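A.B. asks: sequence? don't have it. structure:
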C-alpha cells in the first residue's frame, strides 16, 4: 500500500528584520513553536559576518551562543535576555527587546562585548531559582528559597545588577529586603506587578550605572513598593490561602513557623514532615460544628486565622473532631501559638477566627518589616 503525502509551504516576505521579528511573535502566539531569540541570534551573526569577521570569530560566537543555551535552556532564554537587558537599560517588554538591542549593537566589537556580559550574568540568572547552587552562601540560600516559594520573578533584573555591583554583604541585605517587600506586596497584598516590575528596573539601572551608593539609598529607591504597616496588617487580617494548592500550603507553613519563632524563640524546619498545618474548622467537619453556617465554612475555612501548627501524629488523632476535643490537644502542644488558641478561646466561630487572625497580623507586621523604611 502506498500513501501520497503532500506538503504545503507558505512564504512570508518581510521588509526587514523588525518585521520578521513581528512575524515570529505572531506565529508563536498562534501556537507555532518558533523561538523568538532565533532572529536575535541571526542578527548578531550577521553583524559579525558583515563586519569583516574570520572563521575563528564566527566559531567563537557560535560556541558562546551554544554555551548560553546549554546553561539557560532554550525555553528560558527569552526571559533571561530580557532580565539581563532590563538590569542595565530602560525597561523593555519581550516584544520590544530585539528592536532595542538592534539599535544599540552595531559592530562586531559590541556583539562580543554583549556576549561576554551576557555570559557573566547567565550564571547568576541560572542560579536564581536554585537555592542549592554553589553561587550562594548559607544565608543567601534561605532568601533565594523564599523568593522561589513566593513565585516572584519581577525582581530578577535588580538581583542581576546587585550581584554584579554590590559586595557580598550588601547583596545579602538586598536579598533579605526583597523577601520582605515580596511577602508584603506579592504574597499577602497580591498587588499588581506591572508598576513593581518597572520600579525594580529603575533601581537596577541606577545600580548598574553607579548612581546608588549604600544600602539606605538602595532602600529609598524601593520605598514606593514597600507596603505600609497599616495596609499590610489589614491585608493579612483578611488573607485567605487555599491550601489545596501546594504553593499556598508551603506559604502557610512558612508563615506560621516564622510567627512561632517570633513568639517562642524556637526555630523549626517548616518543611519537615513531622509537622502539619491543621484546619481548626475542618475541611470535612463532623458533628459539633453547628456554630458555622454553610456559607461561613466556605468563607473562613482557608483564612490564615483558621490554620494551626500540630505534630503530624496529633493532627491525625484529632482529625475532624469538635473544637472542645481539639482544644484539649492544643493545650499540650509544643507550639506556643497553638497553646494560645486553647487559652484564648473557649469556642471557635467566625468572630474568634477574625480575632485570632488580627493577632497573627500584628506578629507578622513585626516580623516582615524593614526598619529603615518605617
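C.D. replies: Structure received. None of the values given here were measured: they were computed from a predicted structure.

A.B. asks: Surely residue 362 touches residue 233?
C.D. replies: Yes - if you go by C-beta atoms under 8 Å, residue 362 and residue 233 touch, sitting 6.8 Å apart. C-beta here means a position set from N, CA and C on the backbone, and glycine is covered the same way.

A.B. asks: Isn't residue 158 up against residue 202?
C.D. replies: No - if you go by C-beta under 8 Å, residue 158 and residue 202 don't touch, sitting 9.4 Å apart.

A.B. asks: quick one: which of those two has more around it?
C.D. replies: The neighbour count for residue 158 versus residue 202, taken as other C-beta atoms under 10 Å, is higher for residue 158 (28 against 17).

A.B. asks: any idea which element the more buried one lies in?
C.D. replies: helix 156-165 (DSSP states H and E).

A.B. asks: after that helix, next one along is what?
C.D. replies: Assigned by DSSP H and E, the successor of helix 156-165 is helix 168-182.

A.B. asks: Not counting that next one itself, show me its contacts.
C.D. replies: If you take C-beta atoms under 8 Å, 6 or more residues apart in numbering as the criterion, helix 168-182 is touched by 137, 139-140, 143-144, 146-147, 150, 152, 155, 158-159, 162-163, 166, 215, 218-219, 222, 225-227, 368-370.

A.B. asks: Okay, angle between it and helix 156-165 too, please.
C.D. replies: When axes from the mean of the first three to the mean of the last three C-alpha atoms, to 10 degrees is applied, the directions of helix 168-182 and helix 156-165 differ by 170 degrees.

A.B. asks: residues of helix 168-182 that come out buried?
C.D. replies: Buried residues in helix 168-182, defined by neighbour count with 16 or more other C-beta atoms under 10 Å: 171, 172, 173, 174, 175, 176, 177, 178, 179, 180, 181, 182.

A.B. asks: again with stretch 189-200
C.D. replies: 189, 193, 196, 197, 199, 200.

A.B. asks: Distance to residue 348, pLDDT and secondary structure added to those residues, as a markdown table?
C.D. replies: A markdown table is the format used below for those (distance: C-beta to C-beta, whole Å; pLDDT from 0 to 100; DSSP: H, G, I helix; E, B strand; the rest coil):
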| residue | distance to residue 348 | pLDDT | secondary structure |
| --- | --- | --- | --- |
| 189 | 27 | 97 | coil |
| 193 | 36 | 95 | coil |
| 196 | 37 | 97 | helix |
| 197 | 41 | 97 | helix |
| 199 | 41 | 97 | helix |
| 200 | 42 | 98 | helix |
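
A.B. asks: Return the member of the residues you listed nearest to residue 320.
C.D. replies: Nearest to residue 320 among these: residue 189, at 32.6 Å, using C-beta to C-beta.

A.B. asks: ok, now which ones touch the closest one?
C.D. replies: Applying C-beta under 8 Å, 6+ apart to residue 189 gives the contacts 227, 231, 232, 235.

A.B. asks: Pull the number of nearby residues for the first one.
C.D. replies: So the one you mean is residue 227. For residue 227, using other C-beta under 10 Å, the count is 20.

A.B. asks: next one: the second one
C.D. replies: Number of residues near residue 231 (other C-beta under 10 Å) recorded here: 14.

A.B. asks: show me what contacts it?
C.D. replies: Per C-beta under 8 Å, 6+ apart, neighbours of residue 231: residue 189.

A.B. asks: re earlier: among the contacts of residue 189, which ones are in helices?
C.D. replies: 231, 232, 235 (DSSP state H).

A.B. asks: Residue 151 versus the first one, what's the distance?
C.D. replies: Separation of residue 231 from residue 151 (C-beta to C-beta, to the nearest Å): 21 Å.

A.B. asks: Repeat that for residue 209.
C.D. replies: 29 Å.

A.B. asks: Could you do residue 318 as well?
C.D. replies: 32 Å.

A.B. asks: Who has more neighbours out of these two?
C.D. replies: It is residue 318, of residue 318 and residue 151, that has more neighbours when counted by other C-beta under 10 Å, with 19 against 11.

A.B. asks: my guess is the more buried one meets residue 333, correct?
C.D. replies: No - using C-beta under 8 Å, residue 318 is not in contact with residue 333, being 10.8 Å away.

A.B. asks: where do the contact lists of the two overlap?
C.D. replies: By C-beta under 8 Å, 6+ apart, the residues touching both residue 318 and residue 333 are residue 310.
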